[in-house]
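Enquirer: what shape does this take:
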Amino acid sequence: MTTGVIAGINGPILTVEGTDEFIMSEMVFVSDRRLVGEIIGITGPATVQVFEDTSGLRPGEKVYGTGRPLSVTLGPGIIGNIFDGIQRPLKAIEAESGIFIPSGVHSESLSDKKWPMRMLKREGAVTGGEMIAETQEAAVLHKIMVPPGISGEIEYAAEDGAYSVNDVIMRVAGQEITLCHKWPVRRSRPVARREPISRPLITGQRVIDTLFPIAQGGAAALPGGFGTGKTMLQHQLAKWSDADVIIYIGCGERGNEITQVLEEFSKLIDPHTGRPLMERTVMIANTSNMPVAAREASIYTGVTLAEYYRDMGYHVAVMADSSSRWAEALRELSGRLEEMPAEEGFPAYLASRLSQFYERAGAVKNLNETEGSITLIGAVSPAGGDFSEPVTQNTKRFTRCFWALDRSLAYSRHFPAVHWLTSYSEYLDDLSGWFSENVGEEFINHRKEILRIMQEESELMEIVRLVGVDVLPESQKLVLEIAKTIRLGFIQQNAFHAFDTFTPFDKQMKMMEIILYLNEKCKKLVGMSIPMRLLVADGIFDKIIAIKYNVPNDKLELLDRYYKEIDGFYDRVYMNNL
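Expert: As a prediction, the model looks like this:
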């Protein structure tokens with residue numbers, strides 16, 4: 001075992017002398033308290049970042065090398081668990097040490113529970129990534145795979161039965177395979193090939209699915225200032241998206257907010273199964289008052305767990321809340337290392353670190369010929385809501401979907417507060433084939449028309465603010481009224497309403513068609529010199545806005561009556577103004 005001696009301490013950064021045998025990115029234990037650390041520099045003396053509180057350390061204490069990089073344990077028992085940034089199970093630590101985590105506490109990442117296992121292969125040759133057994137892990141069928149890099153003839157295979165994660169179930173070419181194995185968090189797991197993106201991640205949120213869709217295997221940025229609803233929107237995405245597994249990374253957020261997330265997630269019911277949502281969710285909780293180095297490691301821990309489930313053939317959605325706090329951890333560590341700062345004090349390698357994270361998203365063909373994907377949704381918390389700051393700008397470079405949360409919308413109680421003029425999605429061309437086949441050829445045209453109306457409303461509001469709405473011609477007053485109908489009846493969504501919290505794609509399409517059908521009928525009436533005040537007085541606009549509350553998601557045939565309502569409105573207004 002390589003052993004060094006602490007020569008200097010600067011917060012979580014240590015200088016270690018006495019040996020030149022440490023290797024880059026090696027995991028180490030610091031002092032007899034065995035604090036977990038990682039080698040991040042070797043320039044004569046080694047530099048160690050410690051993932052725990054270094055209070056009480058002093059020069060002269062020993063640092064012990066492990067000979068392996070910082071890794072996570074992959075196996076049954078991950079789903080439904082709550083870990084810190086370096087995969088220590090917080091529930092097990094609470095049971096052992098109380099609600100406050102002492103320094104140097106060690107608890108196995110996965111429990112020694114016995115898992116009822118069924119073998120899938122007992123003879124012949126196997127290769128890395130091949131599925132050899134399976135067990136039920138909460139709502140997820142967990143596939144035990146040969147660790148990448150191991151291949152050869154099977155020499156021993158266990159019988160079906162109950163095994164703990166460290167029991168040997170197979171021996172291949174002299175190497176023992178258990179239900180779990182370790183993998184370095186900073187290294188991507190291998191795949192056979194990356195697949196082109198072709199299918200959207202269905203979220204049930206109209207502003208996302210219709211206006212700014214994200215693909216399965218895509219990456220999205222979710223920037224917004226304080227109080228704009230980032231965490232609430234991520235809750236909705238976690239609950240309603242059609243991902244098989246959810247990884248939620250609470251990275252550097254306030255402790256009370258993380259506590260609220262943990263409490264709410266434990267109560268959420270999965271609408272797809274009727275079971276608790278935690279049965280297909282993994283949570284990584286790393287609050288702002290936890291050691292800053294562990295915050296930096298937490299997103300790598302989360303995405304490595306996601307890659308493990310992707311390799312089983314699942315579609316995984318990763319929610320990182322928030323990458324700004326992670327970047328702040330990078331800035332603090334960089335400052336303690338006395339590195340040359342770049343814009344706003346962030347390290348010069350901020351962009352490359354962000355790219356390393358977001359590039360681990362994607363749709364892939366796995367080594368075992370299954371298909372899986374990782375969708376990354378990273379919340380960004382720019383100071384003062386300033387989207388020109390470095391973290392937001394660099395995140396935009398590596399994501400193709402940008403859901404900009406607007407403070408004025410949030411303060412007016414419009415949720416989700418995704419602004420339709422500053423947001424965008426570059427996945428539309430990739431997904432157009434899926435939309436045409438599954439929703440209809442007109443979907444793209446309807447979407448374009450909705451956005452055109454909202455853009456025109458924005459331009460007209462500049463005039464209205466200066467001279468008032470009365471000076472506008474009737475055709476432009478119609479644009480404002482239709483835009484209001486789109487905002488209140490389509491884009492705005494109530495997360496606490498039984499029908500409105502989730503909208504299936506068929507209903508979204510029908511709602512767009514009805515609004516645009518109303519627009520066409522009103523254009524004809526306005527073209528006959530009928531004033532807008534008479535159209536509004538009829539109440540048809542309010543009826544269309546209320547569709548989201550009045551039509552259950554399982555009774556979409558009720559939507560057809562609204563075409564008749566609009567036809568009746570047209571006939572009434574026309575006859576009354578002959």
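
Enquirer: mind listing the strands for the stretch 451-578 of the chain?
Expert: With DSSP state E, counting those that start in this stretch, there are no strands along the stretch 451-578 of the chain.

Enquirer: pretty sure Ile444 is touching Leu428, no?
Expert: Yes. Ile444 is within contact range of Leu428, at 7.4 Å (criterion: Cβ atoms under 8 Å). To be clear about C-beta, it is placed using only N, CA and C from the backbone, and glycine gets the same treatment.

Enquirer: what strand or helix carries Asn256?
Expert: helix 255-267 (DSSP states H and E).

Enquirer: so between Ile444 and Leu428, which is more surrounded?
Expert: Taking neighbours as other Cβ atoms under 10 Å, Ile444 and Leu428 compare with Leu428 leading, 19 against 16.

Enquirer: quick check: closest non-adjacent residue to that one.
Expert: Leaving aside its sequence neighbours, Leu428 sits nearest to Pro213 (Cβ to Cβ, 6 or more residues apart in numbering; 6.8 Å).

Enquirer: Pro190 contacts Leu367, correct?
Expert: Yes. Between Pro190 and Leu367 there is a contact under Cβ under 8 Å: 6.5 Å.

Enquirer: identify the contacts common to these two.
Expert: Gly128, Gly129, Pro148 (Cβ atoms under 8 Å, 6 or more residues apart in numbering).

Enquirer: mind listing what Ile214 touches?
Expert: Pro200, Leu201, Thr203, Ile208, Ala220, Thr375, Ile377, Cys401, Ser425, Tyr427.

Enquirer: so how far is Arg206 from it?
Expert: 14 Å (Cβ to Cβ, to the nearest Å).

Enquirer: ok, longest strand in this structure?
Expert: Ordering each strand of the chain by length in residues (DSSP state E) puts strand 371-380 first.

Enquirer: what is the nearest of the shared contacts of Pro190 and Leu367 to Val245?
Expert: Using Cβ to Cβ, the shortest approach to Val245 within these belongs to Gly129, at 17.6 Å.

Enquirer: count the residues that sit near the closest residue to that closest one other than its chain neighbours.
Expert: The shortest distance from Gly129 to any non-neighbouring residue, by Cβ to Cβ, 6+ apart, is to Leu367 (2.8 Å). Using other Cβ under 10 Å, Leu367 is surrounded by 19 other residues.

Enquirer: wait, Leu367 touches Pro147, no?
Expert: No. In this structure Leu367 lies outside contact range of Pro147 using Cβ under 8 Å: 10.7 Å.

Enquirer: so how far is Ile482 from the residue nearest to Leu337 when sequence neighbours are not counted?
Expert: Excluding its sequence neighbours, the residue lying closest to Leu337 (Cβ to Cβ, 6+ apart) is Ile13, at 6.2 Å. Applying Cβ to Cβ, the value for Ile13 to Ile482 is 58 Å.

Enquirer: kindly report the same for Val536.
Expert: On the measure of Cβ to Cβ, Val536 and Ile482 end up 11 Å apart.

Enquirer: so the two - more neighbours on which side?
Expert: Neighbours were counted for Val536 and for Ile482 using other Cβ under 10 Å; Ile482 has more, 23 against 16.

Enquirer: my guess is the more buried one contacts Glu520. True?
Expert: No. Applying Cβ under 8 Å, one finds Ile482 not in contact with Glu520, separated by 10.1 Å.

Enquirer: pull the longest helix from the chain.
Expert: Secondary structure assigned by DSSP state H gives helix 443-467 as the longest helix of the chain.

Enquirer: so what does that one touch, helix or strand wise?
Expert: Helices and strands touching helix 443-467, by 3 or more Cβ pairs under 8 Å, 6 or more residues apart in numbering; DSSP states H and E, are helix 428-438, helix 474-486, helix 505-527.

Enquirer: now it: average pLDDT?
Expert: Average pLDDT, helix 443-467: 94.

Enquirer: quick one: that helix to helix 505-527, angle?
Expert: 50 degrees (axes from the mean of the first three to the mean of the last three Cα atoms, to 10 degrees).

Enquirer: quick one: contacts of helix 443-467?
Expert: Contacts of helix 443-467 (Cβ under 8 Å, 6+ apart): 210-211, 420-421, 428, 432, 435-436, 471-472, 476, 479-480, 482-483, 486-487, 490, 509, 512-513, 515-516, 519.

Enquirer: least confident secondary structure element in this structure?
Expert: helix 255-267 (a mean of 73; mean pLDDT, DSSP states H and E).

Enquirer: on contacts alone, who are the packing partners of it?
Expert: Helix 255-267 packs on helix 230-240, strand 245-251, strand 281-286, going by 3+ Cβ pairs under 8 Å, 6+ apart.

Enquirer: quick one: buried residues of that helix?
Expert: Ile258, Val261, Leu262, Phe265 (16 or more other Cβ atoms under 10 Å).

Enquirer: okay if I get those residues as JSON lines plus distance to Leu333?
Expert: As requested, the buried residues of helix 255-267 are exported to JSON lines (distance: Cβ to Cβ, whole Å):
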{"residue": "Ile258", "distance to Leu333": "21"}
{"residue": "Val261", "distance to Leu333": "25"}
{"residue": "Leu262", "distance to Leu333": "26"}
{"residue": "Phe265", "distance to Leu333": "29"}
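
Enquirer: for Arg360, see how far away the nearest residue to Gln175 once chain neighbours are set aside is.
Expert: Leaving aside its sequence neighbours, Gln175 sits nearest to Ile150 (Cβ to Cβ, 6+ apart; 5.5 Å). With the distance defined as Cβ to Cβ, Ile150 ends up 22 Å from Arg360.

Enquirer: go on, Glu21?
Expert: Taking Cβ to Cβ, one finds Glu21 at 31 Å from Arg360.

Enquirer: just Pro416 next, same as before
Expert: Counting by Cβ to Cβ, the gap from Pro416 to Arg360 is 26 Å.

Enquirer: neighbour count for those two, which is higher?
Expert: Pro416 (27 against 20).

Enquirer: partner residues bridging Tyr248?
Expert: Beta bridges link Tyr248 to Met283, Met319, judged by DSSP bridges.

Enquirer: show me where the stretch 251-400 of the chain has helices.
Expert: Secondary structure of the stretch 251-400 of the chain (DSSP state H, counting those that start in this stretch): helices at 255-267, 292-310, 323-336, 350-358, 390-398.

Enquirer: which one of those is the most hemmed in?
Expert: Among the helices of the stretch 251-400 of the chain, ranked by average contacts under mean count of other Cβ atoms under 10 Å, first place goes to helix 292-310 (a mean of 26).

Enquirer: angle of it against helix 350-358?
Expert: 30 degrees.

Enquirer: one step back: among the contacts of Ile214, which one sits closest to Thr54?
Expert: Using Cβ to Cβ, those come closest to Thr54 at Ile377, 33.0 Å.

Enquirer: OK, contacts around the residue lying closest to Asp538 once chain neighbours are set aside?
Expert: Once flanking residues are discounted, Asp538 sits nearest to Phe569: 5.6 Å by Cβ to Cβ, 6+ apart. Taking Cβ under 8 Å, 6+ apart, we find Phe569 in contact with Lys521, Asp538, Ile540.

Enquirer: before we move on, what about Leu558?
Expert: Leu558 touches Asn550, Val551, Pro552, counting by Cβ under 8 Å, 6+ apart.

Enquirer: ok, the second one - contacts?
Expert: Residues counted as contacts of Val551 (Cβ under 8 Å, 6+ apart) are Phe499, Lys507, Leu558, Leu559.
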